[in-house]
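[1] Generate a structure from the sequence data that follows.
(one chain, ligands or ions: 2)
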Amino acid sequence: MHILKFGGTSMGDAQTWKQVINIIKRYESPYIVVSATARTTRTLIKAAHKAIDDLPKANKIADDIAARHNNIVENFLADFDNSSQTLEACHNWIKMHTEELKEHLSTIHNKQELAEPLKDVIASIGERLSSYLFAECGYAAGLFTTWLDATKIIRTDSNFGKATPNFEFIANKINSLQQKISEDSIPVMGGYYGMDANENITTLGFEGSDYSASLIGAALNANAIEIWTDVSGVYTCDPDFIVDANPIPQLSFQEATELAYFGAKVLHPSTTKPASKQDIPIHVKNIFDPEAPGTRISSESANDQPVKAITYKEHCTIITVTSSQTVMGYEFLADVFDVLRWHQLPVDVVTTTEASVSIAIENSDQIDQVVTQLNTHGTVELRPDQGIISLVGCKNSPRQLIINILSQIDDVPLTMISYSKSKGNLNIVVDTKDTLPSVKQIHKKLFS
Ligand SMILES: Nc1ncnc2c1ncn2[C@@H]1O[C@H](COP(=O)(O)OP(=O)(O)O)[C@@H](O)[C@H]1O
Ligand SMILES: N[C@@H](CC(=O)OP(=O)(O)O)C(=O)O
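    Ligands and ions are numbered 1, 2, ... in the order given. Model (predicted):
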């Protein structure tokens, strides 16, 4: 069995749907996980925020989403005779979800607030639409597709916006479901969302459809999990930004996780977790060039380069807390990290001195509250507008590598540096304005 996940770009229009259908036809027993159609998730969230002060504008966004989906299915089905029933089912599905969306938008407007649980319900509409419509259209195109409702399968906790899945529940559910559906059928499920034990819809975090695919792959002990996207694998740097970046043939689970965590949006950072537990390889492939080898992510790591890839995050903040004691005690560090834990803020880079700790985190609207709480543990200094450049998969003996890299950017002021030998990771923090030019310079030195 192969789990095939198609992202927002692959779900973008009728033409890409046809390409996806052709790819699915190559597989004997695929299980399909799809994202929302391109930009739908962020448009839904935009509508939800807009509803607070401008309900007519929010409703207009809802109508635009509906029109875009009607357009995709109409264009797709135009090529198939006898598809009027399918078209009607698709129109009804879109209408039903648009009405649901508008009801939620009215609720937000009336309450003058967007509660986290409702935000997840709204965000999930993208995948609820795309998965059902794609399953219907796939059937009309001759595939024996069956739509599966992810709320019945992906059980999570109630951490809205970034829910944690319950793997045991998912594995039991999917295996018993597989026994009930016909052997020849091709399941189609929306990624990104699930449901908690109280029947609230939850989401797994942005780009969470990759994670859903990996959860299903591990639960079904699949042969491989394939992430189909618009580029030919994981590249040495974002190919959208560095035109001569190259696809990397092989990455270890660890390297792929680091890359995703430090900004390579081609994968959700948790994708590797379920797959690596069961040693199921993940392939990243291009729907526009299906023959290209793409990237294989597995427990092996072929390391013939001094560095595997470079990635970056802009707009981070460094928080430095200086203890009032001359020598920092372990309680001080524990107190500082407790504040971050309380706010559920992931830490990107950390350095310490004898009495202070500097922490790089992504910008968040919680920073003011974090600073207020940290002030009780020491003196707090903030350095905004910082970028993190991460070099992943650095080979052993990095001395020369570090010298080489830093010499490429010797006129750029450095804010922090951290290196982990065991993870082969080098993180360099610089001002946001220096981030992209520095990435370009370093990439040129390492990969051109
Ligand atoms: N290191 C990288 N390798 C490949 N793609 C990357 C990398 N870093 C960022 N990207 C970006 O990720 C995009 C694919 O992710 P995404 O847009 O989420 O795809 P999908 O719509 O298939 O989910 C690529 O178009 C590319 O611009
Ligand atoms: N909901 C999608 C993400 C997405 O669709 O993004 P956008 O709205 O930017 O295309 C996922 O997690 O897979």
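
[2] Can you list the helices and strands that the helix or strand where Gln179 lies packs against?
    Element membership for Gln179, per DSSP states H and E: helix 167-180. Where contact means 3 or more CB pairs under 8 Å, 6 or more residues apart in numbering; DSSP states H and E, helix 167-180 is packed against helix 209-219. For glycine as for every other residue, the C-beta is placed from the backbone atoms N, C-alpha and C.

[3] pLDDT on the helix it packs on, on average?
    When pLDDT is averaged over helix 209-219, the result is 97.

[4] From the chain's centroid, how far away is that helix?
    Distance of helix 209-219 from its chain centroid, counting by CA atoms, centre = their mean, to the nearest Å, is 12 Å.

[5] Tell me which residue in the stretch 201-350 of the chain sits closest to ligand 2.
    Here the stretch 201-350 of the chain gets closest to ligand 2 at one residue, Ser209, 3.1 Å apart by CB to the nearest ligand atom.

[6] Next, the buried residues of the particular helix or strand that has Ile403 in it.
    Element membership for Ile403 (DSSP H and E) is helix 399-408. Neighbour-count burial for helix 399-408, counted by 16 or more other CB atoms under 10 Å, picks out 401, 405, 408.

[7] now the last one, nearest residue through space, not along the chain?
    The shortest distance from Gln408 to any residue that is not its chain neighbour, by CB to CB, 6 or more residues apart in numbering, is 4.5 Å, and that residue is Gln441.

[8] Put the alpha carbons of the helix holding Gln179 into PDB.
    The C-alpha trace of helix 167-180 is given here as PDB (Å, rounded to 0.1, in the frame of the first residue of the first chain):
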ATOM      1  CA  PHE A 167      -2.000   7.200  17.300                       C
ATOM      2  CA  GLU A 168      -3.500   4.100  18.900                       C
ATOM      3  CA  PHE A 169      -7.100   5.300  18.200                       C
ATOM      4  CA  ILE A 170      -6.200   6.100  14.600                       C
ATOM      5  CA  ALA A 171      -4.500   2.800  14.000                       C
ATOM      6  CA  ASN A 172      -7.500   0.800  15.400                       C
ATOM      7  CA  LYS A 173     -10.000   2.900  13.600                       C
ATOM      8  CA  ILE A 174      -8.300   2.800  10.200                       C
ATOM      9  CA  ASN A 175      -7.600  -0.900  10.300                       C
ATOM     10  CA  SER A 176     -11.200  -1.800  11.200                       C
ATOM     11  CA  LEU A 177     -12.400   0.600   8.500                       C
ATOM     12  CA  GLN A 178     -10.100  -0.900   5.900                       C
ATOM     13  CA  GLN A 179     -11.700  -4.300   6.600                       C
ATOM     14  CA  LYS A 180     -15.200  -2.900   5.900                       C
END
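
[9] got the angle between that helix and helix 209-219?
    Helix 167-180 runs at 70 degrees relative to helix 209-219, counting by axes from the mean of the first three to the mean of the last three CA atoms, to 10 degrees.

[10] and Ser212, how many neighbours does it have?
    Using other CB atoms under 10 Å, Ser212 has 30 other residues around it.

[11] now it, nearest residue through space, not along the chain?
    Ser212 sits nearest to Gly191 (CB to CB, 6+ apart), 3.7 Å away.

[12] how much space between that neighbour and Ile32?
    Counting by CB to CB, to the nearest Å, the gap from Gly191 to Ile32 is 10 Å.
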